[in-house]
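Visitor: can you look at this prediction? I've put the sequence above it.
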Amino acid sequence: MNEIPSWWLILSGIFFVLNIIWFAILSIVMLKLVSVVSGLQPEIRSLSERVKTLVDKVEDLAVTVKETVADVGSKTKGVVGSVELVAQTASRQFERFSPLVIGALSLLRVMRAVGDMRGGHDHPRDEKPKKKSKKGLLHSLIG
């Protein structure tokens, strides 16, 4: 029969010894990992509970914000409606009294022109331009 070479037996023996050492190292590492993971489990549970609590709070906050936005939106619509109503009322009042205001201003201009003619003043266009005075809106409308 054929004999197995001695170098092959030595090489196989070295491989088996190294394999046993490697298996022992992996077993020790696995035991360490199991102890680390079992130590982390309570912290992971605590962290997951805190995350769940935060998610619940965020959902409650989102619902509250949604309700607040809806409430503010409805109040804003009410305020805009009131402002529109006030603007319409003011424009109606202005339309009602605008002929009187325009008539009064026209009357004041006519009275001033008559007073200037009686007083012998030159026509305002013949005068040299004066510096603008800061007399007010009513004076600028009539003069």
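Guide: Looks like it arrived, so ask away.
Visitor: could you list the low-pLDDT ranges of the chain?
Guide: Within the chain, the segments meeting pLDDT under 70 span 1, 120-143.
Visitor: so in this structure, which helix runs the longest?
Guide: Counting residues, the longest helix in the chain under DSSP state H turns out to be helix 6-118.
Visitor: other SSEs contacting it?
Guide: helix 137-142 (3 or more CB pairs under 8 Å, 6 or more residues apart in numbering; DSSP states H and E). No exception for glycine: its C-beta is placed from N, CA and C like everyone else's.
Visitor: and Ser106, how far from Arg112?
Guide: According to CB to CB, to the nearest Å, Ser106 stands 11 Å off from Arg112.
Visitor: Glu84 now?
Guide: Distance from Glu84 to Arg112, by CB to CB: 40 Å.
Visitor: between these two, who's got more neighbours?
Guide: Of the pair Glu84 and Arg112, Arg112 is the one with more neighbours under other CB atoms under 10 Å, namely 13 against 10.
Visitor: any idea how far Arg118 is from the more buried one?
Guide: From Arg112 over to Arg118 (counting by CB to CB), the distance is 11 Å.
Visitor: so Asn2: helix, strand or coil?
Guide: coil (DSSP: H, G, I helix; E, B strand; the rest coil).
Visitor: any idea how many residues pack against it?
Guide: Using other CB under 10 Å, Asn2 is surrounded by 4 other residues.
Visitor: and Phe97, by the same measure?
Guide: When counting by other CB under 10 Å, one arrives at 10 neighbours for Phe97.
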